[in-house]
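> pasting the structure only:
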C-alpha cells in the first residue's frame, strides 16, 4: 500500500466501518501527531482507537465514506461523510434512536506507509443538532 489515497481508504474501511481497531496499528504511526479541534487528546494509536471505539459504541451502524480525495507526494486530503444511528451512550447522552449524517475533512502526511501527522475537522455541532441535544438555530 504505497499510495496515500489507498491508505485513507483502508483506515475508513477496516477501522471505522468494520470495527477492526487492531488494524489502526497498521495504518497510523505510533506517535502520530493529531491536530484536531479537540484539546488535550493524546496522539497516535491510543487516540484514534478510543475515538473509533466510542463512536461505534454510540452509533453501532457507523459507516464512513470518502466522497472526494486527492494526494500529492506524501500528503493526502479527503472529504468524508459519517452516517449512523444513535443507539448507544454518546457524550453522556442516552440513545435517541436518531440517524445522523456528518461531514468531515482530513489532511494527512504519510511517512513510511503510515499516517504520521493529520488535521481533522468534523461537523460536531451538526451531530449534536441532529440528535436534538442543542438547538438548530444558534
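Thanks, I have it. This structure is a prediction, so every number in the text was calculated from the model and none was measured. Residues are numbered from 1 along each chain as shown.
> partner strands of the helix or strand of the chain with the lowest mean pLDDT, parallel or antiparallel?
When each helix and strand of the chain is scored by mean pLDDT, DSSP states H and E, strand 28-36 comes last, with a mean of 80. Neighbouring strands of strand 28-36 in its sheet, by DSSP bridges, are strand 114-122 (parallel).
> okay, buried residues for stretch 20-37 please.
21, 24, 27-29, 32, 34 (16 or more other CB atoms under 10 Å). Quick note: C-beta positions are derived from backbone N, CA and C, even for glycine.
> quick check: residue 57 vs residue 102, distance?
Applying CB to CB, to the nearest Å, the value for residue 57 to residue 102 is 17 Å.
> which of these two has more neighbours?
When residue 57 and residue 102 are compared for neighbours, residue 102 comes out ahead with 19 against 14, by other CB atoms under 10 Å.
> in three-state terms, label that one for me.
strand (DSSP: H, G, I helix; E, B strand; the rest coil).
> now residue 97
Once three-state DSSP is applied, residue 97 turns out coil.
> with residue 69 instead?
Residue 69 is classified as strand under three-state DSSP.
> hang on, it packs against residue 7?
No: using CB atoms under 8 Å, residue 69 is not in contact with residue 7, being 10.4 Å away.
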